[in-house]
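A.B. asks: Please find the sequence and the predicted model below.
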There are 2 protein chains.
Amino acid sequence: MNEIRWSKTEKKKAREAFEKAYERECAELARKIRAKAKELSGPDDIWRLHDFLTERRRELDEKYDYRYSVLIFVFARLIKEGWLSFEELDGVGEDKTSKIAALLDFAVETMGESDDKTANGPIY
Amino acid sequence: MNEIRWSKTEKKKAREAFEKAYERECAELARKIRAKAKELSGPDDIWRLHDFLTERRRELDEKYDYRYSVLIFVFARLIKEGWLSFEELDGVGEDKTSKIAALLDFAVETMGESDDKTANGPIY
């Protein structure tokens, strides 16, 4: 997939979609933090919150990888997890969206609906 | 100070005072976390909260060192920072409290009132 080319306009659209998904996922994370913060009742809860944030930061750092060589995989994952809608990728180029659609079809075929349990986000 | 001896009863009293201070400092930390959680407005705030917790955990791990060889220094610091009152060490033995009092006097003499700015806690 390394031969994919992105025009300047497509890059701009891709960056917008990427940041939209990141902000949504972080907004959901902020909601979870607020809920956990309300329930803090002792030292152990504080360190559990810290462990939770350490783990989420690691996950998000790994997931939100904006290298063009991996971007269609990133977008397919974000759509699958519900952080982005397919329609929000309008403008990134049909060559890219068709590959993303193929990746999503492949995921459905190979993993089935049961894998949707891993999704964290609402569907956009 | 390594020659200090702690009887079983004194150890029990020391452990109670130590845990009281730890719980107070963690309760204050929980208050700060709740306040920061309410103000989260974007990804940067989340990662700043994580950095804050990482730093506080490191500080508390270092500060709350329950080795008997360092415990009177720990107690002097906790009193100086306001997490424990001198009176709450009743029962740990006069030989220990007199050394802690000497450490506190020394701190006041050498650093003066200006160093109280480093205190985080209320005075118990």
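C.D. replies: Structure's in. What do you need? This one's a predicted model, so the numbers in the text were calculated from it and none came from an experiment. Numbers count the residues shown, from 1 in each chain, chains lettered A, B, ... in the order given.

A.B. asks: Show me where chain A has its helices.
C.D. replies: According to DSSP state H, chain A carries its helices in the segments A:8-38, A:43-63, A:71-81, A:94-111.

A.B. asks: What mean pLDDT does the last one get?
C.D. replies: Helix A:94-111 shows an average pLDDT of 90 in the prediction.

A.B. asks: Mind listing what's buried along that helix?
C.D. replies: Of the residues in helix A:94-111, those buried under the neighbour-count criterion (16 or more other C-beta atoms under 10 Å in any protein chain shown) are A:96, A:97, A:99, A:100, A:103, A:104, A:107. Glycine gets a C-beta too; all of them are placed from N, C-alpha and C.

A.B. asks: got these as TSV, with distance to residue A:23 columns?
C.D. replies: Conversion of those to TSV gives the following (distance: C-beta to C-beta, whole Å):
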residue	distance to residue A:23
A:96	21
A:97	21
A:99	25
A:100	20
A:103	23
A:104	22
A:107	24
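
A.B. asks: of those residues, closest to chain B?
C.D. replies: Sorting the buried residues of helix A:94-111 by distance to chain B puts residue A:100 at the head of the list, at 23.9 Å, by C-beta to the nearest C-beta.

A.B. asks: Report the contact partners of the closest residue to residue A:76 other than its chain neighbours.
C.D. replies: Counting by C-beta to C-beta, 6 or more residues apart in numbering or on different chains, residue A:103 is the residue found nearest to residue A:76 once chain neighbours are left out, at 4.0 Å. Applying C-beta atoms under 8 Å, 6 or more residues apart in numbering or on different chains, we find residue A:103 in contact with A:72, A:73, A:76.

A.B. asks: Distance of the second one relative to residue A:36?
C.D. replies: Distance, residue A:73 to residue A:36, using C-beta to C-beta, to the nearest Å: 31 Å.

A.B. asks: How about the first one?
C.D. replies: Here residue A:72 is placed at a distance of 34 Å from residue A:36 (C-beta to C-beta).

A.B. asks: For the buried residues of helix A:94-111, work out which two are farthest apart.
C.D. replies: The most widely separated members of these, counting by C-beta to C-beta, are A:96 and A:107 (16.6 Å).

A.B. asks: quick one on the thing from earlier: more neighbours: residue A:73 and residue A:36, which one.
C.D. replies: Under the criterion of other C-beta atoms under 10 Å in any protein chain shown, the comparison of residue A:73 against residue A:36 puts residue A:36 first, with 18 against 14.

A.B. asks: The more buried one against residue A:51, yeah?
C.D. replies: No. Because the distance of 11.1 Å does not satisfy C-beta atoms under 8 Å, residue A:36 is recorded as not touching residue A:51.

A.B. asks: In chain A, which residue is most central in space?
C.D. replies: For chain A, the residue nearest the mean C-alpha position is residue A:78 (3.4 Å; C-alpha atoms, centre = their mean).

A.B. asks: related to what we said a few turns ago, quick one: which of the contacts of residue A:103 is nearest residue A:13?
C.D. replies: When the contacts of residue A:103 are compared for distance to residue A:13 (C-beta to C-beta), residue A:72 wins out at 13.3 Å.

A.B. asks: Wait, residue A:26 touches residue B:44, no?
C.D. replies: No. With contacts defined as C-beta under 8 Å, residue A:26 does not count as touching residue B:44, sitting 9.1 Å away.

A.B. asks: if you count what's nearby, which of the two comes out ahead?
C.D. replies: residue A:26 (20 against 10).
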